[in-house]
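**Student:** need a structure here:
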Amino acid sequence: MKKARRKSLVQLSLSAPPSPIPSTAATRPAHTTKKAAASLPHLSRRACPNSQPCPAAGCERCPRSRPPQRPAPPASSSPATAASPSSPPPRRRALATTSSPPTCCAFPSATAPLPCPPRRGRPSRRWRRRRTPPTTSRPSSRSPSPRTPEIEIMGMLTKEVKCHLGPFSKLQSGDVSCLATIPSDVEAEATFIAKADGVIAGISLADMIFNQVDPSLKVQWFESDGNFVHKGFQFGKVHGCARSIIVAERVVLNFMQRMSGIATLTKAMSDAARPACILETRKTAPGLRLVDKWAVLIGGGKNHRLGLFDMVMIKDNHISVAGGIANAMRSVDQFLEKEKLALPVEVETRTIEEVKDVLKYAAENKTSLTRIMLDNMVVPLPNGDVDVSMLKDAVQLINGKFETEASGNVTIDTVKKIGETGVTYISSGALTHSVKALDISLKIDTELALQVGRRTNRA
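**Tutor:** Numbering: from 1, shown residues only. All right, here's what the predicted structure looks like:
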C-alpha cells in the first residue's frame, strides 16, 4: 500500500506543470527530493491565499512548506525516474535558526491573511503527527491575558455596543436610521444635560465607549466623577462624526444614568450613616457587577467582597449545613491553614445567642475571623420607624473585638439611626438592586432641548 502511494505521488509530480519558482528539483529525481510535490498547490499542506504556490516552498528553512521526508524507494527502471550517478544524496531538513522565519503559508506574517484550509484528501499518519507545532520555551503572544477589572469592563462594553448595532461586521453599519438620514461626512456637536440633581458617575466609562465606537471623537468634560450637578446643568460635550455620536449615545447614557443613580443614593446614605461606612452587596444587576461597585466608590461608599473568591463569608445556609456556627468556623480555620490562605472572614449572626457562640469560639480557639454581620437586627415598627435595640446590644457585646456590619431593613430613612448604634459598616442591597437612574440626556440641538426641558420641569 505504501509503495503504491509513493508511486502515485511520483507520477503526479512528473505530470504537473513546471513550477514558476526556480528550483534545483529539475536536476534531481523526484523521489529523492520531493520538491516537485511541494511545488504543487494541491499537494502542499496549505495553499497560498491567491491559489499560487508558496513563495518559500523551495526554502530549506521552512519546516511545513512541503510534505515530510520519507525513505527513498528502490530505483525504478524507468528512464524518467532513474537517478544519475552525479545526483547528490538527499539532504536532511533542519528547522530555521534565524529569528525571523520566511514569509510563507506555514509562517504567516503579521499582515498575512487567515490560514488557508488544509489540502484535500486524507493525510498519512506520519503527516498528522507533524501537524502539532513543537513546543518551545518562548511565550506565545496569543496567550490569554489575566482577567483584570479593566479587561472585564472593556469586554462588557464591546458586547454592549455590538448588541445595539445588531449582526453587522462594522461598528457603525448597524444603525440603519443613521444610514438613512445622515451622510457619513457630517459632523456635529452634542451636549450632556442633567435633568435632575445628583452625583455624576460614569465619565471615565463614557470615554471608553466613545473611543471604542470612534477614536476620532473629541470629548470635553466640565465636571468629574463624583461631582454634584443641578438640574439643567451642561457638564460635557462631544464633537465629531454625527453618526458615531448617535451610535454611542444610548450606550453611554445607559451606563451613566445607572451609575449616577447609584452614586447619588450612595452619597446620601454615606452622609447620613456617619461615622459608619456604607457597603454595597452582591445584589447587583447581572453583567454589571463591576460597574455597580465602581459607582458605589464614586458615591463615597466602600466595596464589599467582589465575588466568592476574595473573602470567606459564612452565611446562614453554610451554618445550617455545617451543623452550627462553631462547626462552620472551625472548618473555615482548618481550610485556610491547610491551603495557606490569608483571607478576611465574616460570619453572619441573626440572634444574640449566635453572637455569643461566635465570641465563645473565638475566645477558645485561634481564628481568622475579622467581622461579624448582625443580620436583620433592625426591627421595623408599624409607624414606619425602626427598633435598633437588639443591634445596639449586639454591638456592645462584641465591644470592638471584631468589626461589625449591620444588614437588613437599611434605607435612606433608617440608615441614620442604624449608624448611631456604633456599627463599623452598614451594607445595603438597595444601592444596586433598587436604584433609580439619574435622568441625563445628550442633545445636538441644545437650545431646543432646554426649552422642552423647562416646559416639562426637567431642566
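**Student:** return the set of buried residues in the longest helix seen in the chain.
**Tutor:** For the chain, the helix with the greatest residue count under DSSP state H is helix 242-273. Buried residues in helix 242-273, counted by 16 or more other C-beta atoms under 10 Å: 242-249, 251-270, 272-273. (Glycine included, C-beta is placed from N, CA and C.)
**Student:** now swap in stretch 314-332 and tell me
**Tutor:** Per 16+ other C-beta under 10 Å, stretch 314-332 contains these buried residues: 314, 318-319, 322, 325-326, 328-329, 332.
**Student:** what sits against residue 363?
**Tutor:** By C-beta atoms under 8 Å, 6 or more residues apart in numbering, no residues touch residue 363.
**Student:** now name the helix or strand holding it.
**Tutor:** helix 352-364 (DSSP states H and E).
**Student:** after that helix, which helix or strand is next?
**Tutor:** Toward the C-terminal end, the helix or strand that comes next after helix 352-364 (DSSP H and E) is strand 369-375.
**Student:** neighbouring strands of the helix or strand following that next one in the sheet, and parallel or not?
**Tutor:** Counting by DSSP H and E, the next helix or strand C-terminal to strand 369-375 is strand 379-380. If you go by DSSP bridges, strand 379-380 pairs up with strand 386-387 (antiparallel).
**Student:** where does the prediction get shaky in the stretch 301-450 of the chain?
**Tutor:** Of all residues in the stretch 301-450 of the chain, none has pLDDT under 70.
**Student:** strands of the stretch 201-350 of the chain, start to end?
**Tutor:** Applying DSSP state E, counting those that start in this stretch to the stretch 201-350 of the chain gives strands spanning 218-221, 228-229, 234-241, 277-279, 312-314, 345-349.
**Student:** what helices and strands are in contact with the fourth one?
**Tutor:** Applying 3 or more C-beta pairs under 8 Å, 6 or more residues apart in numbering; DSSP states H and E, one finds that strand 277-279 contacts helix 242-273, strand 425-427.
**Student:** can you redo those as TSV with distance to residue 373?
**Tutor:** Below are the helices and strands packed on strand 277-279 laid out as TSV (distance: least, C-beta to C-beta, whole Å):
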stretch	distance to residue 373
helix 242-273	16
strand 425-427	8
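**Student:** before we move on, back to that, of the buried residues of stretch 314-332, closest to residue 397?
**Tutor:** Looking at the buried residues of stretch 314-332 and their distance to residue 397, the nearest is residue 325, at 14.6 Å (C-beta to C-beta).
**Student:** which ones are touching the closest one?
**Tutor:** 314, 319, 347, 349, 354, 357-358, 361.
**Student:** also residue 359?
**Tutor:** 397-398, 401.
**Student:** re the thing from before, let me know the angle separating the longest helix of the chain from strand 234-241.
**Tutor:** Using axes from the mean of the first three to the mean of the last three C-alpha atoms, to 10 degrees, the direction of helix 242-273 lies 160 degrees away from that of strand 234-241.
**Student:** offset the numbering so it begins at 43, please.
**Tutor:** Understood, numbering begins at 43; the last thing we discussed is helix 284-315.
**Student:** what mean pLDDT does helix 284-315 get?
**Tutor:** Helix 284-315 comes out with an average pLDDT of 95.
**Student:** just the endpoints, please. Distance across stretch 462-475?
**Tutor:** 25 Å (C-alpha to C-alpha, to the nearest Å).
**Student:** only the buried residues of that stretch, if you could.
**Tutor:** So for stretch 462-475, counting by 16+ other C-beta under 10 Å, buried means 463-474.
**Student:** same check, this time on stretch 221-231
**Tutor:** So, applying 16+ other C-beta under 10 Å, buried residues of stretch 221-231: 224, 230.
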